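In: Below: sequence and its predicted model.
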2 protein chains.
Amino acid sequence: MIKMSFDSREQALQKTPPEQPPGANPAPILRDRTPARRVALVGFGTVGRAVAKILCERRNEAGLLRLTHICNRNVERKKQPWVPSEVIWTEDFGAILNSDADIVIELIGGLTPAEELVRSALNAGKSVVTANKQLIARHGPDLLELASANGCQLEFGASVAGGVPVLPALRTGLCGDRLHGIAGILNGTCNYILSRIETDRIPFSEALEEAQARGYAEADASEDLDGGDARAKLSILALAGLHVRISPGDIRARTIRGIDAVDFDYAAELGCTIRQISRADLKETTLFADVGPSLVPASSPFGRVQRNLNLVLTSGEYGGDMAFLGAGAGGDPTAVAVVSDLMFVAESLSAGPRPHRPLQLASPKVSCDFETPWYLRLVVKDQPGIIAGLAAILSAHQLNIDAVLQKPGFDKSALPFVITLEPCRDAQLHPALQEMSALPFALRPCLCLPILR
Amino acid sequence: MIKMSFDSREQALQKTPPEQPPGANPAPILRDRTPARRVALVGFGTVGRAVAKILCERRNEAGLLRLTHICNRNVERKKQPWVPSEVIWTEDFGAILNSDADIVIELIGGLTPAEELVRSALNAGKSVVTANKQLIARHGPDLLELASANGCQLEFGASVAGGVPVLPALRTGLCGDRLHGIAGILNGTCNYILSRIETDRIPFSEALEEAQARGYAEADASEDLDGGDARAKLSILALAGLHVRISPGDIRARTIRGIDAVDFDYAAELGCTIRQISRADLKETTLFADVGPSLVPASSPFGRVQRNLNLVLTSGEYGGDMAFLGAGAGGDPTAVAVVSDLMFVAESLSAGPRPHRPLQLASPKVSCDFETPWYLRLVVKDQPGIIAGLAAILSAHQLNIDAVLQKPGFDKSALPFVITLEPCRDAQLHPALQEMSALPFALRPCLCLPILR
């Protein structure tokens, strides 16, 4: 039965696919069939296993795909009784390159040796489906060119937002629009931590420990917390939706470390909450892009995303705004994205090799110099003249204060308080922040978050 | 700049496409190119004009589609200066059938003569893109068969939820899942009216008049208010997502007439609000389906959909829940869906005619006999023994009362009050409702809404 609320990843992770292939529902059919395509799976971790499950359970049903190889290190200890006996288990990727597999699924992640494997597969004329965000973020355009040059296909629908079909929607239902903006909550770990602080006002460190204990964050969570994961995903969305070639390293990533419960109290006074937002806006030849914690209205779609769900919003010249919400990670949802890509590639292959056509990508300048209102949170040793000192600096930089907020009840020796600024550009604000953080009563660098409306 | 909230249809409707083709952004390119396909547009109303605008503005850019014909009654008064001179304007659909157009866009709506036009086009070997929900809801499976038999394609992504790319997502990003449920807010008129009553507690009649004055509801709004529009859309979603062939007339549609401001007061006491929800759940050989006003948690994605936005939620065996939110109507968003379909068809045509394969659709029994908790709102002439009389009837039918709510301050001669019931099946409740409505103190038939959690 459909529920009015969402499955959480907890459910998704605990869910065990049935051991017997169910046969009740008919095949997906609003599509013509082609002969079964031979599929080799490289990487048999959580997602790989879930992909194999779907392919094995649905093979009599869909008839479009046939799993022929599974490649992994230490393959003997990976074998599963539910995998049909005709599937070849191997540790040797060369065996797959030399096989008659039509499509290679790359699920080992990372750049090495994934990049080399994908290039080899494409050069061998095999199409590739991958969930590898780092690989596509860094080498996506080149690999797409390589695929096209070899008359085969490269799909990466699972590389962003797991099972949320935003990349396929960019390829199909939104391709008739001219998109200019994409924004999203793309990192489930950050959203879990921030929405946990929001709900129970626990300290950042406690929320992080909880996320690690539940398996939502790794022991070294830097890639998530500091925005590296989200900016890789943002660069893939910009590639697919805005048709630009950018390096993920060119996108500014701000960490969520330093956000604490008190910031949610102040944000609430402004009708807002805090989320890690990734956003990209294409304006002529500049791509404005930023990843990091931001104030968003509590009542907005972004403000309402709880736990580790993902939300992606696209803005188009003709169609306006569209939002996509769902499980951004987890073996089964990500596997759906992989299998959907496989089905798409299998059907496309029936048309035979395509002529090589060069990609047409713009290479815009990447800037983080958004004009926006700002939230500045300082922690000071209370003494006379604080507001005057700060106001003098802001005034000297032509920055207008919108509000000063100071909630009661804090220790005067480490007093958090907030100044909000009227819209100004990032570059205008930055020198003022440096001066403010150098003031004698400032105990820590000023926390500075954009306020998105 | 991306905003954190949504464009409303008001903006979308007011938006005037630029008169000059902009040339800044590059073409959509994550796809190979094929020779331009010749496109004939039938129906030059709001959506037709918006489609033509996009095709004319983007023709140098996409190179995939070329508008060759526009067909409409009284075509002389329809002509627009921004349409290139080589486009042929005609009132004669036969001229299009006999032309070298590859794809016909049907945007005249309704069943007659749209059905005949679409059949003729498919029989002439031309692929068809349509936004016609009534046509697809009633004849979709037959027309898909006809398209397949003629080696051409039929796409209808714009027939549900306007620009929200849920049908394309079912075709691509979610095809790897096995969906079992679909639910949505599919009718923007109903949602506008209900969310207006919710926000300002205005009477139903005032909200309807306002919707009519703003052009969101027709003078005869029966098709919207009584659920006919939404159940046509639900049957299309069930076809595309659940692979079932059902007649829209088999889906129960309940009207939103009779909902009033007081129901939002009582719903709020239950943590809920009221929305027109369309839902379909496939369980073995039965499709449980219902369209009508329902209580949903105020904090759920459904409860938060304001004004005339659409929301569609899909539930899959592997991927869990996904939600799609956006503008469900308006010329430009709907045109994006049409143009996206055109691009998909144009690329598919490059593979040449496809072999005929029969559709595999299940034909489940359609039932509205959901098991759910219920909200019963009565209007009574206050007198002793009311609760006793109602409780006796419910008890005799083995129905358990969950709560009795009576807000103060109402006129005792027409007193609204509410009983909620623990979960029971629709069929179990119905005879009790009839008895309750026949009680001497009941001034109106009992309003009965499912409570969806």
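Out: Nice, thanks for sending it over.
In: can I assume A:E223 is in contact with A:D229?
Out: Yes - here A:E223 reaches A:D229: they are 5.0 Å apart, a contact under C-beta atoms under 8 Å. (Glycine included, C-beta is placed from N, CA and C.)
In: residue boundaries of the strands in the stretch 351-453 of chain A?
Out: Counting by DSSP state E, counting those that start in this stretch, the segments of the stretch 351-453 of chain A that form strands are A:365-367, A:371-380, A:401-405, A:415-425, A:447-450.
In: of those, which approaches chain B most closely?
Out: Closest of these to chain B is strand A:371-380, at 8.4 Å (criterion: C-beta to the nearest C-beta).
In: between the closest one and strand A:401-405, how big is the angle?
Out: Using axes from the mean of the first three to the mean of the last three C-alpha atoms, to 10 degrees, the inter-axis angle of strand A:371-380 relative to strand A:401-405 is 30 degrees.
In: So which elements touch strand A:371-380?
Out: If contacts are counted by 3 or more C-beta pairs under 8 Å, 6 or more residues apart in numbering or on different chains; DSSP states H and E, strand A:371-380 sits against helix A:261-269, strand A:415-425, helix A:426-437, strand A:447-450.
In: Could you list the residues in contact with that strand?
Out: A:262-263, A:266-267, A:270, A:295, A:386, A:390, A:402, A:414-426, A:429, A:433, A:436, A:441-444, A:446-453 (C-beta atoms under 8 Å, 6 or more residues apart in numbering or on different chains).
In: Of these, grab the buried ones for PyMOL.
Out: This is how PyMOL selects the buried members of the contacts of strand A:371-380, with burial counted by 16 or more other C-beta atoms under 10 Å in any protein chain shown:
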select buried, chain A and resi 262+263+266+267+270+295+386+390+415+416+417+418+419+420+421+424+426+429+433+436+441+442+446+447+448+449+450+451+452
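In: Out of the contacts of strand A:371-380, which are close to chain B?
Out: By C-beta under 8 Å from any C-beta of the partner chain, the members of these lying near chain B are A:L452, A:R453.
In: Give me the buried positions along stretch A:39-56.
Out: Neighbour-count burial for stretch A:39-56, counted by 16+ other C-beta under 10 Å, picks out A:39-44, A:46-56.
In: Quick one: the helices and strands packed on strand A:371-380 as TSV, columns for mean pLDDT and distance to B:T68 too.
Out: Listed next are those as TSV, based on pLDDT from 0 to 100; distance: least, C-beta to C-beta, whole Å:
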stretch	mean pLDDT	distance to B:T68
helix A:261-269	97	55
strand A:415-425	96	48
helix A:426-437	94	49
strand A:447-450	97	48
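In: ok now do the spatially most central residue of chain A, which residues does it touch?
Out: In chain A, the centroid-proximal residue (C-alpha atoms, centre = their mean) is A:L186; its distance is 3.3 Å. For A:L186, the contact set (C-beta under 8 Å, 6+ apart) comprises A:V160, A:A161, A:D229, A:A230, A:K233, A:L234, A:L237, A:Q276, A:S278, A:N310, A:V312, A:G328.
In: between the longest helix seen in chain A and helix B:331-349, how big is the angle?
Out: For chain A, the helix with the greatest residue count under DSSP state H is helix A:331-349. With the same axes, to 10 degrees defining the directions, helix A:331-349 sits at 60 degrees from helix B:331-349.
In: Counting neighbours, what do you get for A:L405?
Out: For A:L405, the count of nearby residues is 16 (other C-beta atoms under 10 Å in any protein chain shown).
In: beta partners of it?
Out: A:V418 (DSSP bridges).
In: Measure how buried the nearest residue to A:Q398 once chain neighbours are set aside is and give me the count.
Out: Distances taken as C-beta to C-beta, 6 or more residues apart in numbering or on different chains place A:Q428 nearest to A:Q398, at 7.2 Å, with adjacent residues excluded. Per other C-beta under 10 Å, the neighbour tally for A:Q428 reads 15.
In: Wait, A:Q428 touches A:L399, no?
Out: Yes - here A:Q428 lies in contact with A:L399, judged by C-beta under 8 Å, at a distance of 6.9 Å.
In: Now do the contacts for A:I136.
Out: A:I136 is in contact with A:T130, A:L143, A:F156, A:S159, A:I236, A:L239, counting by C-beta under 8 Å, 6+ apart.
In: Doesn't the last one lie inside a strand?
Out: No - counting by DSSP: H, G, I helix; E, B strand; the rest coil, one finds A:L239 to be helix, located in no strand.
In: That one: how many residues sit nearby?
Out: 24.
In: Next up, the contacts around it.
Out: So A:L239 contacts A:I136, A:G140, A:P141, A:R245, A:I246, A:L361, B:L30 (C-beta under 8 Å, 6+ apart).
In: Can I get the buried part of these as one ChimeraX selection?
Out: This is the ChimeraX syntax for the buried subset of the contacts of A:L239, where burial follows 16+ other C-beta under 10 Å:
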select /A:136,140,141,246,361 /B:30
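In: export the contacts of A:L239 to TSV and tack on pLDDT?
Out: Listed next are those as TSV, based on pLDDT from 0 to 100:
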residue	pLDDT
A:I136	98
A:G140	97
A:P141	96
A:R245	96
A:I246	96
A:L361	92
B:L30	36
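In: any weak-confidence spans in the stretch 201-350 of chain A?
Out: Scanning the stretch 201-350 of chain A for pLDDT under 70 picks out no residues.
In: what ranges do the helices span in it?
Out: Taking DSSP state H, counting those that start in this stretch as the criterion, the stretch 201-350 of chain A carries its helices at A:204-213, A:222-225, A:228-237, A:261-269, A:331-349.
In: got the buried residues for the first one?
Out: It stands for helix A:204-213. Going by 16+ other C-beta under 10 Å, helix A:204-213 has these buried residues: A:F204, A:A207, A:L208, A:E210, A:A211, A:Q212.
In: wait, isn't the last one in contact with A:A219?
Out: Yes - distance between A:Q212 and A:A219: 6.6 Å, which falls inside the contact criterion (C-beta under 8 Å).
In: about what we covered before: counting neighbours, go ahead and name the busier of A:E223 and A:D229.
Out: Taking other C-beta under 10 Å, A:E223 and A:D229 do not tie; A:D229 has more neighbours (26 against 17).
In: which bits of the stretch 151-300 of chain A sit near chain B?
Out: So the stretch 151-300 of chain A meets chain B at A:157, A:163-178, A:180-183, A:239-240, A:242-243, A:279, A:281-282, A:284, A:296-297, A:299-300 (C-beta under 8 Å from any C-beta).
In: Drop anything exposed from the residues you listed.
Out: The buried subset of those - by 16+ other C-beta under 10 Å - is A:157, A:163-178, A:180-183, A:239-240, A:242-243, A:279, A:281-282, A:296-297, A:300.
In: In contact with A:V262, which residues?
Out: So A:V262 contacts A:R377, A:K407, A:F410, A:P416 (C-beta under 8 Å, 6+ apart).
In: Would you write a PyMOL line that selects the buried entries of the residues you listed?
Out: Buried members of the contacts of A:V262, defined by 16+ other C-beta under 10 Å, are picked up in PyMOL with:
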select buried, chain A and resi 377+416
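In: Of the contacts of A:V262, just say which sits nearest to B:S99.
Out: Minimum distance to B:S99 across these is 65.8 Å, recorded for A:R377 (C-beta to C-beta).
In: Give me the nearest residue to that closest one, chain neighbours excluded.
Out: Nearest to A:R377 is A:L447, by C-beta to C-beta, 6+ apart, at 4.3 Å.
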